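In: Provide a 3D model corresponding to the input given below.
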Amino acid sequence: MAGLWGAAGQWEFDILYGLQKLHGPWLDQIMVFITGLADHGELWILLGVMFLCFPRTRYLGVTVLLSIGLGFVTGNLVLKNVFARSRPCWIRQDAAFLVPVPGDYSFPSGHTLVSFEGAVSIWRHNRRWGAAALGAAVLIAFSRMYLFVHFPTDILGGAVLGVINAWAGEKAAGWVKKQKQIRTIFPY
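Out: Sure, this is the predicted structure:
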């Protein structure tokens, strides 16, 4: 499996080097800030916990947190180790590194994965909030390529898996809601 994904096609490096031409002091600071929003999933976990605090959004909070948990297992613990794909910054060191070089594998992008899990979960419950969340998810995903730590296919894989996990998280939250012993979590 690693041989299949171990090296990127030249077209992926062409995209990443094209993005390197956009670098400037102002945009560099913005991209570092944006990527930092999803470090360890903090933004999305915080939103999930905040949603849990209010009866009206409690079900959404459960959905967000379940999808993030599922993504951590499927993306970070399983797929990254199965594919064992090197990061672009490991293969070529001629780009500007604005963030510490990550030590885990590249596929799928964890920042993109958690962002799309959170954003799609929110969008499925509230389109207005979800539109803002999806905008943030897209910016976070873009920042990972801009910062030369992920290939475009890592981003695509993280986004697709994030959508799937958001759907699965919602299904799991629905199952939890139906369980008699914990109905008090979701008073209606």
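In: how confident was the prediction at Gly174?
Out: Confidence at Gly174, expressed as pLDDT, is 82.
In: name the SS class of it, please.
Out: Assigned state for Gly174: helix (three-state reduction, DSSP: H, G, I helix; E, B strand; the rest coil).
In: can you get me a residue count around it?
Out: Applying other Cβ atoms under 10 Å, we find 12 residues neighbouring Gly174. From N, CA and C alone the C-beta is placed, and that goes for glycine too.
In: and it, how far is that from Ala131?
Out: Applying Cβ to Cβ, to the nearest Å, the value for Gly174 to Ala131 is 23 Å.
In: was I right to think Asn165 contacts Asn76?
Out: No. Applying Cβ atoms under 8 Å, one finds Asn165 not in contact with Asn76, separated by 11.7 Å.
In: out of these two, which sits in the busier spot?
Out: Taking other Cβ under 10 Å, Asn165 and Asn76 do not tie; Asn165 has more neighbours (28 against 17).
In: sticking with that one, tell me its helix or strand.
Out: Assigned by DSSP states H and E, Asn165 falls within helix 152-178.
In: list the buried residues of that helix.
Out: 152-155, 157-159, 161-170, 172-173, 176-177 (16 or more other Cβ atoms under 10 Å).
In: one more: stretch 74-83?
Out: Using 16+ other Cβ under 10 Å as the test for burial, stretch 74-83 gives 74-76, 79-80, 83.
In: please apply the same query to stretch 18-27.
Out: For stretch 18-27, burial by neighbour count (16+ other Cβ under 10 Å) applies to 19, 23.
In: any idea how far that stretch is from the chain center?
Out: Chain-centre distance of stretch 18-27: 22 Å, with Cα atoms, centre = their mean, to the nearest Å.
In: how many residues are close by Ile91?
Out: For Ile91, the neighbour count with other Cβ under 10 Å is 13.
In: export the buried residues of stretch 74-83 to JSON lines and append columns for pLDDT, distance to Gly18 and secondary structure.
Out: JSON lines is the format used below for the buried residues of stretch 74-83 (pLDDT from 0 to 100; distance: Cβ to Cβ, whole Å; DSSP: H, G, I helix; E, B strand; the rest coil):
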{"residue": "Thr74", "pLDDT": "94", "distance to Gly18": "30", "secondary structure": "helix"}
{"residue": "Gly75", "pLDDT": "93", "distance to Gly18": "26", "secondary structure": "helix"}
{"residue": "Asn76", "pLDDT": "91", "distance to Gly18": "28", "secondary structure": "helix"}
{"residue": "Leu79", "pLDDT": "94", "distance to Gly18": "27", "secondary structure": "helix"}
{"residue": "Lys80", "pLDDT": "92", "distance to Gly18": "26", "secondary structure": "helix"}
{"residue": "Phe83", "pLDDT": "91", "distance to Gly18": "24", "secondary structure": "helix"}
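In: dump those residues into CSV; add distance to His40 as well.
Out: Conversion of the buried residues of stretch 74-83 to CSV gives the following (distance: Cβ to Cβ, whole Å):
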residue, distance to His40
Thr74, 17
Gly75, 13
Asn76, 10
Leu79, 18
Lys80, 15
Phe83, 21
